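J.: Structure for this input, please:
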Amino acid sequence: MLGPYRDVLSRPGALAFSAAGVVARLPMSMVGIGIVLMVQALYDSYGLAGSVSAAYVLAQAVCSPQLARLVDLHGQARVMRPAVTVSATALVGLVACALAGAPVWSLYATAVVVGATVGSFGALVRARWSHVLDDPRALHTAYSLESALDELVFVVGPILATTLATAVTPSAGLVVPVLGMVLGGFWFLGQRATQPPPHPREVVTAPDGTPVRRRSVMRSGGMVVLAVVFVAMGAIFGGTDVSTVAFAEESGRPGLAGVILAVFACGSMISGLLYGARHWTTPLWRRFAIGMVALALGASLFVLVDSMAMLAVVMFVAGFAIAPTLINGNGLVQDLVPRERLTEGLTWVGTSLGVGVSVGSWVAGLLIDRQGSHGGYLVVVGAAVLAVVAVLGSLRVLRAGAAERGPGTAERAPGAAERVPGAATVAGSAEPGGDAGAATTRIGDADAEAEGVSALGRDATPGGDARR
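T.: Model (predicted):
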């Protein structure tokens, strides 16, 4: 099983940027819970703690896709180095404000700045894999590896944040995310040899020469479907987290909540590694639908749980459907958006997942207050049903979107039949749903593009920035 992973990690620079990406992704599993623990302890208000954390998540949801668009246009290092600097500084400012007992508005302000500039290193890492690998089987393995590492981050991060905040000091849970941003972020961004080249903005013109406005990737019906499904998936995860904590407290074993959630993530991590070690020939859209149905069935078992031991078993089994479904969902993005905007598309689905986690946690919390932990698990089941209905009702859209960009786009070697950076014009529309007779002219940032090609020493796919 480990052979395919050894192969992809042996590629020049791969182990270094993948390892740096793990460190840089620690904030995604620690900042939200770290804010809640710190603010609640220092201001004695769960309501304030939750709303400050929500402000951070909302800012991230709104701004991460815009940062990703800039990355596609200008390159990872040029955009994310200043963004990481601002985000880390703002997080230090948030801690300082909380320790000083500053006015509440300052907590919201600094949390918003952190969320607006934190970006998505998961998308940046997958972008590099899509750029450096030419074999579709190796790319599938690399994406599976990154999904497993995501789960590892979500196993370690919350436990580490909680331990530091409760055993050391309330603000200690946010120290590691700051270090992760700075050390992991700059370590990753400093590796220029594997960085995909930037792709300057394109002006799309109709046959009569009239400029056509550049369309958002969310104008694709398939991307809308994925966003809805990922919000529902996020609600499953968020509702499960809160409900599991409540169930552990009702069972008189609150200390086991973190362990049970780690079991959930471990099941996903193992399945992701197993899934990535095998090459699949079934169409990607079909695998995504099957995985979503399997995840919904597993999540539905939560309402039958009556002991901590039974909950651990159900969590482990249900977790097996998570990583493969996320891998396939991210793979569909590559079918649905132009390569030169892949980072933006991947960030949209990642952001949708985060929004779902917040919504699921909030709604589940309301029902837990009224009905106990099983009320929260009902929210999980409802989100699972919504996800399945959205997927099964939109299979034609997903299948058509994949067919429009060519069968098995995500399974082909990146760069196949792609235009060479620096080409003056190409025929056809660069956007899904664009004018069929449109012509695309590449303009702007020629220096940045030349710098990217020089650093890589090879032509690259427009969006080689890929995977989440």
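J.: separation between L311 and T244?
T.: Going from L311 to T244 by C-beta to C-beta, to the nearest Å gives 7 Å. Bear in mind the C-beta positions are built from the backbone N, C-alpha and C, glycine included.
J.: any residues in contact with both of these two?
T.: Common contacts of L311 and T244, defined by C-beta atoms under 8 Å, 6 or more residues apart in numbering, comprise I260.
J.: Now the spatially most central residue of the chain. Nearest residue, chain neighbours left out?
T.: In the chain, the C-alpha nearest the mean C-alpha coordinate belongs to G350, at 3.2 Å (C-alpha atoms, centre = their mean). Closest residue to G350 apart from its sequence neighbours, by C-beta to C-beta, 6 or more residues apart in numbering: S120 at 5.2 Å.
J.: picking that back up, what helices or strands is the strand or helix carrying the residue nearest to the centre of the chain leaning on?
T.: Using DSSP states H and E, G350 falls within helix 342-371. For helix 342-371, the elements it packs on are helix 46-74, helix 121-132, helix 221-250, helix 322-336, helix 373-392, judged by 3 or more C-beta pairs under 8 Å, 6 or more residues apart in numbering; DSSP states H and E.
J.: Take the ones you listed and lay them out in JSON lines including mean pLDDT.
T.: Formatted as JSON lines, these follow (pLDDT from 0 to 100):
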{"stretch": "helix 46-74", "mean pLDDT": "83"}
{"stretch": "helix 121-132", "mean pLDDT": "87"}
{"stretch": "helix 221-250", "mean pLDDT": "85"}
{"stretch": "helix 322-336", "mean pLDDT": "84"}
{"stretch": "helix 373-392", "mean pLDDT": "91"}
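J.: Let's have the ones you listed in JSON lines, adding mean neighbour count.
T.: Output for the helices and strands packed on helix 342-371, formatted as JSON lines (neighbours: other C-beta atoms under 10 Å):
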{"stretch": "helix 46-74", "mean neighbour count": "21"}
{"stretch": "helix 121-132", "mean neighbour count": "27"}
{"stretch": "helix 221-250", "mean neighbour count": "24"}
{"stretch": "helix 322-336", "mean neighbour count": "26"}
{"stretch": "helix 373-392", "mean neighbour count": "21"}
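J.: show me where pLDDT drops low in the stretch 351-468 of the chain?
T.: 401-468 (pLDDT under 70).
J.: Swap in 80 and give it another go.
T.: For the stretch 351-468 of the chain, the stretches flagged by pLDDT under 80 are 351, 354, 357-358, 361-362, 365-366, 369, 400-468.
J.: Local confidence estimate at the residue lying closest to G190 once chain neighbours are set aside?
T.: By the measure of C-beta to C-beta, 6+ apart, the closest residue to G190 outside its immediate chain neighbours is A77, 7.6 Å from it. With respect to pLDDT, A77 has a value of 92.
J.: shift numbering so it begins at 201
T.: OK, 201 is where the count begins now, so the last one is A277.
J.: for A277, what are its contacts?
T.: Counted by C-beta under 8 Å, 6+ apart, A277 has contacts 389-390, 392, 395.
J.: Tell me which two in those are the farthest apart.
T.: With C-beta to C-beta as the measure, no two of the contacts of A277 lie farther apart than G390 and Q395, at 9.6 Å.
J.: So for those two, which sits in the more crowded spot?
T.: Q395 (28 against 13; other C-beta atoms under 10 Å).
J.: give me the number of residues near the nearest residue to the more buried one once chain neighbours are set aside?
T.: With sequence-adjacent residues excluded and distances taken as C-beta to C-beta, 6+ apart, Q395 is closest to Q276, at 5.3 Å. Neighbour count of Q276, defined by other C-beta under 10 Å: 28.
J.: my guess is Q276 meets F386, correct?
T.: No. Applying C-beta atoms under 8 Å as the test, Q276 and F386 come out as separate, 11.7 Å apart.
J.: In terms of helices and strands, where is A220?
T.: With DSSP H and E as the criterion, the answer for A220 is helix 214-224.
J.: For that helix, name the packing helices and strands.
T.: helix 203-209, helix 321-332, helix 336-367, helix 385-389.
J.: In the stretch 301-450 of the chain, where is pLDDT below threshold?
T.: 336, 351, 354-355, 358-359, 362-363, 366, 399-422, 441-442, 445.
J.: Try it again at 70.
T.: 400-417, 419.
J.: From W387, how far off is the residue nearest to G390?
T.: In terms of C-beta to C-beta, A277 sits 12 Å off from W387.
J.: Likewise for P483?
T.: For P483, the distance to W387 - C-beta to C-beta - is 38 Å.
J.: cool, G491 as well?
T.: Counting by C-beta to C-beta - G491 and W387 are separated by 33 Å.
J.: of these two, who's got more company?
T.: G491 (23 against 16).
J.: What sits closest to that one if chain neighbours are left out?
T.: With C-beta to C-beta, 6+ apart, the residue lying closest to G491 is T525, at 3.4 Å.
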